[in-house]
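Peer 1: Sequence below, structure please.
(one chain, ligands or ions: 2)
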Amino acid sequence: MKINTQKLPANLPTQIVSHIQHLERMRQDFVANVSHELRTPLTVIHGYLETLLDEKDLPETRKKVFLQMHQQTLRMENLIEDLLLLSRLEDDVDNETKTDEPVAVADLLNQICNEARELSGDAKHDIQLHADKTVLLKGCQEELRSLFSNLIFNAVKYTAPNGEIIINWQMKNKKAYFSVQDSGIGIAEKHIPRLTERFYRVDPARSRSSGGTGLGLAIAKHVLLRHDGELNIQSKLGKGSTFTCIFPNNRLLIN
Ligand SMILES: Nc1ncnc2c1ncn2[C@@H]1O[C@H](COP(=O)(O)OP(=O)(O)OP(=O)(O)O)[C@@H](O)[C@H]1O
Ligand SMILES: [Mg+2]
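Peer 2: Ligands and ions are numbered 1, 2, ... in the order given. Alright, predicted model coming up:
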């Protein structure tokens, strides 16, 4: 668990505060270094497995084994990329976003929805997008892409085939609202406060089989923090969920 060094009790002696900050820094560096060091060997293994899979006359039993190894290297690569992204975001969690470009959210959502339809594939979810093109958000496009795609892809992953997913981007009372509503499996109330913790999954076996690492919502929370946003989660077990991100007026540009 990350320690927020800004929220330590005010009466702690400064020596203790700087020691805690030092330990927290070491923890962050350790995770970032391990992830970085694992990247190269994994890329090599991944590459060799692809060569092996391309071999002609490969016996079926071997092919099955290599395919599984290949899928697992992909999972590890995703995990490492997510850990590296999270470390980068944590690194300056108390700072504002580095880039403050006007992001055309409606266009970005259009692209992500097309990717979500591909991800859905034969499950044929009904993915609807209602986005106000005139509302732009000041921030970092790539970070916002991670935030929105994590929430939209979750809706696809945790909704049965043919289910409905409704995505909205709108202004109301001088704030902007991004929401993803699904008709999926839903989440029991006791899990909701813990969902944005790293590696927290309601049903680890199910998430693992769908390739999830449990880092998506932790990344989403950090991106939101860096864009002065808040996350609201409403869900009913067996009925579906709505994840809403709320952005303040000072982050918006109206075209
Ligand atoms: N729309 C949803 N409907 C139901 N459960 C959800 C939904 N979104 C998230 N969850 C639950 O919250 C958990 C955490 O989500 P999170 O996105 O952090 O991880 P993940 O989807 O398992 O993996 P990944 O790192 O690939 O995103 C999920 O494992 C799932 O149990
Ligand atoms: Mg996810």
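
Peer 1: What are the boundaries of the helices in the stretch 1-150 of the chain?
Peer 2: 14-54, 60-91, 105-120, 141-157 (DSSP state H, counting those that start in this stretch).

Peer 1: Let's have these in TSV, adding mean neighbour count and mean pLDDT.
Peer 2: (Each C-beta comes from the backbone N, C-alpha and C, glycine too.) Listed next are the helices of the stretch 1-150 of the chain as TSV, based on neighbours: other Cβ atoms under 10 Å; pLDDT from 0 to 100:
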stretch	mean neighbour count	mean pLDDT
helix 14-54	13	92
helix 60-91	15	92
helix 105-120	17	98
helix 141-157	21	97
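
Peer 1: Among these, which comes closest to Gly214?
Peer 2: The closest of those to Gly214 is helix 60-91. By Cβ to Cβ, the value is 9.2 Å.

Peer 1: what's the closest residue to Asn168 other than its chain neighbours sitting at in phi/psi?
Peer 2: Leaving aside its chain neighbours, Asn168 sits nearest to Ser179 (4.7 Å; criterion: Cβ to Cβ, 6 or more residues apart in numbering). Backbone geometry at Ser179, expressed as degrees, to the nearest 10, gives phi -130, psi 150.

Peer 1: List the contacts of Ser179.
Peer 2: Neighbour list for Ser179: 166-168, 242-245 [criterion: Cβ atoms under 8 Å, 6 or more residues apart in numbering].

Peer 1: Recalculate using a threshold of 10 Å.
Peer 2: 130, 151, 166-170, 232, 234, 242-246 (Cβ atoms under 10 Å, 6 or more residues apart in numbering).

Peer 1: swap in Leu42?
Peer 2: Per Cβ under 10 Å, 6+ apart, neighbours of Leu42: 73-74, 76-77, 79-80.

Peer 1: So which of the helices of the stretch 1-150 of the chain is nearest ligand 1?
Peer 2: helix 141-157 (3.5 Å; Cβ to the nearest ligand atom).

Peer 1: Just list whatever residues bridge to His130.
Peer 2: Asn168 (DSSP bridges).

Peer 1: give me every residue that touches it.
Peer 2: By Cβ under 10 Å, 6+ apart, the contact list for His130 reads 106, 109, 166-170, 179.

Peer 1: circling back to that earlier point, and which of the contacts of Leu42 is nearest Leu119?
Peer 2: Distances from Leu119 to the contacts of Leu42, taken by Cβ to Cβ, are shortest for Leu74, at 14.6 Å.

Peer 1: Is the closest one in contact with Gly211, as I believe?
Peer 2: Yes: contact criterion Cβ atoms under 10 Å: Leu74 and Gly211 qualify, at 8.0 Å.

Peer 1: Report the central residue of this protein.
Peer 2: In the chain, the centroid-proximal residue (Cα atoms, centre = their mean) is Gly216; its distance is 2.8 Å.

Peer 1: Pro9: neighbour count?
Peer 2: The tally of other residues near Pro9 (other Cβ atoms under 10 Å) stands at 7.

Peer 1: Next one, pLDDT for it please.
Peer 2: Pro9 carries a pLDDT value of 81.

Peer 1: Which phi and psi values does it adopt?
Peer 2: Per degrees, to the nearest 10, the backbone of Pro9 is at phi -60, psi 140.

Peer 1: distance of it from His22?
Peer 2: Going from Pro9 to His22 by Cβ to Cβ, to the nearest Å gives 18 Å.

Peer 1: Over to Pro41?
Peer 2: In terms of Cβ to Cβ, Pro41 sits 30 Å off from His22.

Peer 1: who in this protein is up against ligand 2?
Peer 2: For the chain, the residues in contact with ligand 2 (Cβ under 5 Å from the ion) are 154, 216.

Peer 1: got the domain boundaries for the chain?
Peer 2: Domain assignment for the chain, taken from automatic domain parsing, gives 5-91, 101-254.

Peer 1: quick one: the last one near ligand 1?
Peer 2: When you say that, I think you mean domain 101-254. Yes: residues of domain 101-254 contacting ligand 1 under Cβ under 6 Å from any ligand atom: 150, 154-155, 157-158, 182, 184-185, 187, 195, 200-203, 207, 212-217, 241.
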